[in-house]
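1. Just the structure for this:
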Amino acid sequence: MSTYRITLQFLVFAVLNFGLIIGFYGIPLPFFYCHACPGAVGLCPVGAEQYAVIVNPFLLLYFLAGIFLVALVFGRATCGWGCPVGALQDLFALKSKHRKLNDGYARYVKFGIFGLALLLSYIFMEKVFTDLCPVGFLAGTVPTLLLLPGYVEPMSPFFEIKIGLTVVFFGLIYFVARGWCRYLCPLGAQLALFNKISLLSIKSNKEKCVNCQACGKRCPMGIDPRSETDSIECIRCGRCVESCQKKVISFRARWRDVH
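-> Below you'll find the predicted structure:
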């Protein structure tokens, strides 16, 4: 399963950067990525939402509807299987694979970030979160400067702050598995709202569980798959499924098993 997931993450990243101009016709991505990347093919969903708040609040309903439709089917599975930022975190989580943290309240920060992103964009008529987003620096500013060394437009008044936040971003994802997903991602906050009712889910047969805790040790989100399969933090990555030797945990389509 890990092979399938890594392959899909690579393919998504490749397709995202084909350079086709389709996202700018109004198609937001179902995962987090910056449309400022020179070859990006889709809109950053949070950037699109901020833009909608600024120019036409009714446009926000369109973008939210698209994201919520994906979430209703997959929950946060796009975080675990498609998101390039998620793949980057998996790569850098060298010190955190077995780390359990008492961070329940910190996980709600991402909901506040999403709300503030929209509120501040409306107040200041600027895409405030985009101006500070470290992912925008990595996927947009850096590739642009590499391709066009003399290009200065990305140098906003917040450029130095964005560099600092990028350093913080790498420190966080190095020491805390999926730290961006856990605490900061405003898109993850939106997808999380549908985890408990999404079509794709994970089932745990507690009666057959021998409490070996292998699933919990593999979970990058620091939850207990034995009892939290519908947690808003579950990214449906399937690590718990493949680590369970007793086949206690499995994917399901709400009303029936699919794996």
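2. if I look at the residue nearest the centre of the chain, how far off is V210?
-> In the chain, the centroid-proximal residue (Cα atoms, centre = their mean) is C79; its distance is 4.4 Å. In this view, C79 and V210 are 29 Å apart by Cβ to Cβ, to the nearest Å. (Each C-beta comes from the backbone N, C-alpha and C, glycine too.)
3. Quick check: phi and psi at R252.
-> Phi and psi for R252, reported as degrees, to the nearest 10, are phi -150, psi 160.
4. for A40, what are its contacts?
-> Counting by Cβ atoms under 8 Å, 6 or more residues apart in numbering, A40 makes contact with 16-17, 23, 33-34, 139.
5. Let's verify the residue nearest to the centre of the chain: helix, strand, or coil?
-> The three-state assignment at C79 reads helix, by DSSP: H, G, I helix; E, B strand; the rest coil.
6. any idea of the pLDDT on it?
-> C79 is assigned 96 on the pLDDT scale.
7. How confident was the prediction at the nearest residue to it once chain neighbours are set aside?
-> Nearest non-adjacent residue to C79, counting by Cβ to Cβ, 6 or more residues apart in numbering: I235, 4.2 Å away. We have a pLDDT of 95 for I235.
8. Would you check that I235 makes contact with F74?
-> No - applying Cβ atoms under 8 Å as the test, I235 and F74 come out as separate, 10.1 Å apart.
9. Show me which of these two is the more surrounded one.
-> I235 (27 against 22; other Cβ atoms under 10 Å).
10. Doesn't that one belong to a helix?
-> No - counting by three-state DSSP, I235 is not found in a helix; it is coil.
11. what's the distance between it and Q245?
-> Per Cβ to Cβ, I235 is found 22 Å from Q245.
12. same thing with T144?
-> T144 is 47 Å from Q245, by Cβ to Cβ.
13. Return the helix or strand in this protein with minimum mean pLDDT.
-> Within the chain, no helix or strand scores below helix 142-147, which has a mean of 81 by mean pLDDT, DSSP states H and E.
14. contacting residues around the next helix-or-strand element following it?
-> Using DSSP states H and E, the helix or strand that follows helix 142-147 towards the C-terminus is helix 159-175. Residues outside helix 159-175 that contact it (Cβ under 8 Å, 6+ apart) are 88-89, 92-96, 99, 131-138, 141, 156, 179-180, 183-184.
15. May I see the contacts of A40 arranged in CSV, with secondary structure, pLDDT and neighbour count as well?
-> Below are those laid out as CSV (DSSP: H, G, I helix; E, B strand; the rest coil; pLDDT from 0 to 100; neighbours: other Cβ atoms under 10 Å):
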residue, secondary structure, pLDDT, neighbour count
L16, helix, 84, 23
N17, coil, 81, 17
G23, helix, 45, 18
Y33, coil, 90, 29
C34, coil, 88, 25
A139, helix, 88, 25
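16. Greatest separation within those: which pair is it?
-> Within the contacts of A40, two members stand farthest from each other by Cβ to Cβ: G23 and A139, at 13.0 Å.
17. Okay, helices next: where are they in the stretch 151-259 of the chain?
-> Along the stretch 151-259 of the chain, counting by DSSP state H, counting those that start in this stretch, helices occupy 159-175, 179, 186-192, 214-218, 239-243.
18. Those helices: which one's closest to E49?
-> For E49, the closest of the helices of the stretch 151-259 of the chain is helix 186-192, at 8.4 Å, according to Cβ to Cβ.
19. Now do that closest one: distance to the chain's middle.
-> Using Cα atoms, centre = their mean, to the nearest Å, the mean C-alpha position of helix 186-192 is found 7 Å from that of the whole chain.
20. Kindly report the same for stretch 103-123.
-> Put simply, stretch 103-123 sits 15 Å off its chain's centre (Cα atoms, centre = their mean).
21. Contacts for it next, please.
-> If you take Cβ under 8 Å, 6+ apart as the criterion, stretch 103-123 is touched by 46, 49-50, 53-54, 60, 127-129, 182-190, 192, 222, 233.
22. Show the average pLDDT along that stretch.
-> For stretch 103-123, mean pLDDT is 94.
23. Perfect, that will be all.
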